[in-house]
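1. With the input below, show me the fold.
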Amino acid sequence: MHDAARSVDDANRGDVDSFGVLLAQILAVPARITLTTVSDSLHGVAGDVTKTAASTKQAAERYAEQDAHFAAGLGKFDPEAAG
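-> Numbers count the residues shown, from 1 in each chain. Sure thing, here's the model as predicted:
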């Protein structure tokens, strides 16, 4: 995601004069505003994905710790003694 956002940033810095001076003047500002908005959105999505991945990894680690804890407790459980 960050690479896609960087690509949009790079395109935003491109040479708009290749369209001709008059057309470049007409299109340059709206095009740059649009590309900046798209780039900002992509950077935001990339940040959200990174945060979600970190939260998911942390939750998985906690579940694994709980499973190991309960498995250790079940290994000590004696059904004969409980009844």
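
2. what are the ranges of the strands in the protein?
-> Counting by DSSP state E, the chain forms no strands at all.

3. Now do the helices for it: every range, in order, please.
-> Using DSSP state H, the helices of the chain run over 2-12, 21-76, 79-82.

4. Make a markdown table out of those and add mean pLDDT.
-> Below are the helices of the chain laid out as a markdown table (pLDDT from 0 to 100):
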| stretch | mean pLDDT |
| --- | --- |
| helix 2-12 | 70 |
| helix 21-76 | 86 |
| helix 79-82 | 71 |
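
5. Out of those, which is the most enclosed?
-> Most buried of those, by mean neighbour count (mean count of other Cβ atoms under 10 Å): helix 2-12, with a mean of 14. Heads up, the C-betas are built off the backbone N, CA and C, glycines and all.

6. Just the CA trace of stretch 31-50, in CSV.
-> This file holds the C-alpha atoms of stretch 31-50, laid out as CSV (Å, rounded to 0.1, in the frame of the first residue of the first chain):
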residue,chain,number,x,y,z
ALA,A,31,-4.8,17.0,-11.2
ARG,A,32,-2.3,17.7,-8.4
ILE,A,33,-5.1,18.1,-5.8
THR,A,34,-6.7,14.9,-6.9
LEU,A,35,-3.4,13.0,-6.8
THR,A,36,-2.6,14.4,-3.4
THR,A,37,-6.0,13.3,-2.1
VAL,A,38,-5.5,9.8,-3.6
SER,A,39,-2.0,9.6,-2.1
ASP,A,40,-3.3,10.7,1.3
SER,A,41,-6.0,8.1,1.2
LEU,A,42,-3.6,5.3,0.2
HIS,A,43,-1.2,6.3,3.0
GLY,A,44,-4.1,6.2,5.5
VAL,A,45,-5.3,2.8,4.3
ALA,A,46,-1.7,1.5,4.6
GLY,A,47,-1.5,2.7,8.1
ASP,A,48,-4.9,1.2,9.0
VAL,A,49,-3.8,-2.2,7.5
THR,A,50,-0.5,-2.1,9.5
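
7. With that, I have no additional questions.
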